[in-house]
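Asker: Here is my input; please provide its structure:
(chains A and B)
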Amino acid sequence: MKDADTHPVISLRGLTKRYGIGDAEHTVLDSIDLDIQKGEFIAIMGPSGCGKTSLLNILGLLDSSDEGEYMLDDKSVARVSSAKRAEIRSRRIGFVFQSFNLVPRLNVIENVALPLAYTGTSQLKSMKKASAMLKNFHLNEREYYMPWQLSGGQTQRVAIARALVNDPSIILADEPTGNLDSKSSHVILEELSDIHKRGNTIIMVTHNPDMTTYADRVITMLDGRIDTDTKTAVVSNSRSAVHKKVGLGSRTKPTSKRQKKGKK
Amino acid sequence: MRLLLLNHISVARESLRRNRLRTTLTTLGITLGVACMTIILAMSFGAVKLVSDQVDSLNGNIAVIRPGAERQIRDLRDALVPMGGDSFAVSSLTEKDYKTVAELDSVAEAAPLMSVDGSVRSADETALDAPIVATTPELETVSDIKVQDGQFIDDITNQNTAVIGQQLSVDLFGTNQSIGKTLQVRGQQFTVIGILKSVNDSTNYNNFNLNDAVIISLDSGKSFNQGIAQIRQINVRAHDPAQLSQTTKQIREQIVINHNGESDFTILTGENIAKPTSLLFNFVGVVALVISVISLIIGGIGIMNIMLANVAERTREIGIRKAVGASNYHITAQFLIEALVMSVSGGIIGFLLGYAVALVLGTFLPFSPGFSWIVPTVSIGTSLVVGVIFGIYPAIRAARKNPIEALRQYH
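Answerer: Model prediction:
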């Protein structure tokens, strides 16, 4: 009997994904083995086209692999029907995107309540829940704004609120700060690490090495493979120090990051 | 599930409201098709109801014998010929048939109807299209005809007497108090002995309008036709309504004997009497229904077109919805309901519009549109079916979109 700590939420074995056919076939993910424990905050880094986003899409059940095994909570998802996949997405997984992906026709609170519509929550209840969630993000005054009336940072916070409204255990964030300035970026990352502290598993893809300081595990990918996999001891005071520095607009972070990584 | 349905409906309303002009134009096709269908249905129900009400008022205790064998409609040419005898042929019903029927034990009363061609004149007016009907006194009770002034024709009075409709009295004499005045039918003098009560059922199973009619005795009628009765219909009242079908069977047997074994007549009872007496009427109805079906199909294609545009425009939204947990089923339902909201609201508006037009038409026609639950059920039901047929493909197309590609759109 394994105990909860050694019990991975996500377990990948030889996961392979290819695009194209024949001569144009291109392997995006090349037999990836990965275990993710409950409550980890993982940052995935790597150059463009190394397969980060493909990996995230497969983890989020938006896409399926060509080979290999994906165990979610010890259950293989290979044979799960598309309706069941949708249900898992709805109840277990929250997505945060680089381009926010709010529905432009819906206002803030409707956007946040959107996932609840697919779990059969009543209109009133889901509005209440969405409202409470927005309050957590200090956005309760923006409930009836339309997405285009918000700043980038606010929009992403709304998107995170939406990702969390169903109380998912896994948050998948695809470059959540890619479209934000550094200050908003750190605000978003603070939010994510708060969520992490509450016990959620977060898997975040990022280009920005600064952002990895919030993660307790950094995975770098190269050409569809996992290049390095580093557990970093996140010390809360060191992070707040980093935060202060970034608050000043420092761009010297990457060096400190690499040092950290080197420590492995 | 119900909650999700409500959610879908409110989402659909919202998205349709956003494209108000587009939605209105799309809905218009369905609206017109359903309006057209509603008018036809309401009018034909009105016409049928009018006659069936009369039959009902006789407690369903009436059978009608008409010349001409029961025909199967094999092609359009058959349908174009009026039912109840070819008008150019000599009627197959004779006075002997009438007498045979009247003498049957189970028959309480029978009245023959003979039409006489010709104009009706008073001293200074001429009515060219007044129906002249020669019959026996029994018609009064068989068809429940009410006399306002004077009396109905009977066997005792002089042959050359007539009972006329109220409107005809006004047309000919300028008053409805015309008892004792004389009029000429085909040059022969008749004295008015009765005025019929005004009725508002100009379309009836007797095929003539009582308000405009001149009713004379069968003998007078025969005198215009070399002494031969040209009977176009025999109305029969049975002693016992419950035995009506038994009675018609007997009548059939007897007349077949009279006709040397030839079954060249038709006996109608109950609702069959109420069916439009002219198949031309049916034919016009069918043509109009075909037109409304065509316009519904065109309306449906319009809906499909707009829904495909909607789906293409909202590809990204579909991706987002799938990412937050919508299944293919949810997406299909969302877009299908959007199409249904369009088609059904078009159907409801079309139904109301159709009834409004039918009511206006009713003021120009001898009958008003009928009210029956079948009319809204059929017209709105049709719009629902059109919505499903033409909305399902765009909805399935929406659901089949790959969420990853959908999310990548417009990046």
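
Asker: and the nearest residue to residue A:208 once chain neighbours are set aside, what pLDDT?
Answerer: Setting aside the residues directly before and after it, residue A:208 is nearest to residue A:177 in space (Cβ to Cβ, 6 or more residues apart in numbering or on different chains), at 6.3 Å. Yep, even glycine has a C-beta here, placed from its N, CA and C like the rest. The model reports residue A:177 with a pLDDT of 87.

Asker: does residue A:177 sit in a helix, a strand or a coil?
Answerer: When the structure is reduced to helix, strand and coil (DSSP: H, G, I helix; E, B strand; the rest coil), residue A:177 reads as coil.

Asker: The stretch 101-250 of chain A: strands as residue ranges?
Answerer: Read by DSSP state E, counting those that start in this stretch, the stretch 101-250 of chain A holds these strands, from start to end of the chain: A:170-174, A:201-205, A:217-222, A:225-231.

Asker: Buried residues of the longest one, list them for me.
Answerer: Within strand A:225-231, the residues that count as buried by 16 or more other Cβ atoms under 10 Å in any protein chain shown are A:225-226, A:229-230.

Asker: That strand: partners in the sheet, and parallel or antiparallel?
Answerer: Strand A:225-231 has its sheet partners listed here by DSSP bridges as strand A:217-222 (antiparallel).

Asker: and the strand it pairs with, what's its mean pLDDT?
Answerer: Averaged over strand A:217-222, pLDDT sits at 91.

Asker: angle of that strand against strand A:201-205?
Answerer: Using axes from the mean of the first three to the mean of the last three Cα atoms, to 10 degrees, the interaxial angle of strand A:217-222 with respect to strand A:201-205 works out to 30 degrees.

Asker: quick one: contacts of strand A:217-222?
Answerer: Counting by Cβ atoms under 8 Å, 6 or more residues apart in numbering or on different chains, the neighbours of strand A:217-222 from elsewhere in the structure are A:34, A:40-47, A:50-52, A:55, A:212, A:226-232, A:261.

Asker: Buried ones among those residues?
Answerer: Buried by 16+ other Cβ under 10 Å: A:34, A:40-46, A:50-52, A:55, A:212, A:226, A:229-230, A:232, A:261, out of these.

Asker: Next, count neighbours for the closest residue to residue B:188 other than its chain neighbours.
Answerer: The shortest distance from residue B:188 to any non-neighbouring residue, by Cβ to Cβ, 6+ apart, is to residue B:160 (6.9 Å). One way to gauge burial is a neighbour count; for residue B:160, by other Cβ atoms under 10 Å in any protein chain shown, it gives 17.

Asker: what does residue A:105 give?
Answerer: 15.

Asker: That one: what's it in contact with?
Answerer: So residue A:105 contacts B:14-15, B:18, B:317 (Cβ under 8 Å, 6+ apart).

Asker: Let's have the residues you listed in JSON lines, adding pLDDT, distance to residue B:185 and neighbour count.
Answerer: Listed next are the contacts of residue A:105 as JSON lines, based on pLDDT from 0 to 100; distance: Cβ to Cβ, whole Å; neighbours: other Cβ atoms under 10 Å in any protein chain shown:
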{"residue": "B:14", "pLDDT": "80", "distance to residue B:185": "72", "neighbour count": "13"}
{"residue": "B:15", "pLDDT": "81", "distance to residue B:185": "71", "neighbour count": "20"}
{"residue": "B:18", "pLDDT": "81", "distance to residue B:185": "72", "neighbour count": "10"}
{"residue": "B:317", "pLDDT": "91", "distance to residue B:185": "79", "neighbour count": "26"}
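
Asker: which stretches of the stretch 251-400 of chain B have low pLDDT?
Answerer: Judged against pLDDT under 70, the low-scoring parts of the stretch 251-400 of chain B cover residues B:271, B:274-281, B:366.

Asker: Any idea which of the strands of the stretch 101-250 of chain A gets closest to residue A:14?
Answerer: The closest approach between residue A:14 and any of the strands of the stretch 101-250 of chain A, judged by Cβ to Cβ, belongs to strand A:225-231 at 11.6 Å.

Asker: Show residues contacting the closest one.
Answerer: Taking Cβ under 8 Å, 6+ apart as the criterion, the residues outside strand A:225-231 that touch it are A:30-34, A:46, A:216-221, A:261, A:264.

Asker: Just the mean pLDDT for that strand, thanks.
Answerer: Confidence over strand A:225-231 (mean pLDDT, whole number) is 87.

Asker: Equivalent analysis for stretch B:24-41, please.
Answerer: Per-residue confidence for stretch B:24-41 averages out to 90 on the pLDDT scale.

Asker: Report the buried residues of it.
Answerer: Residues of stretch B:24-41 classed as buried by neighbour count (16+ other Cβ under 10 Å): B:26-27, B:29-41.

Asker: Equivalent analysis for stretch B:387-405, please.
Answerer: Residues of stretch B:387-405 classed as buried by neighbour count (16+ other Cβ under 10 Å): B:387, B:389-395, B:397-399, B:401, B:403-404.
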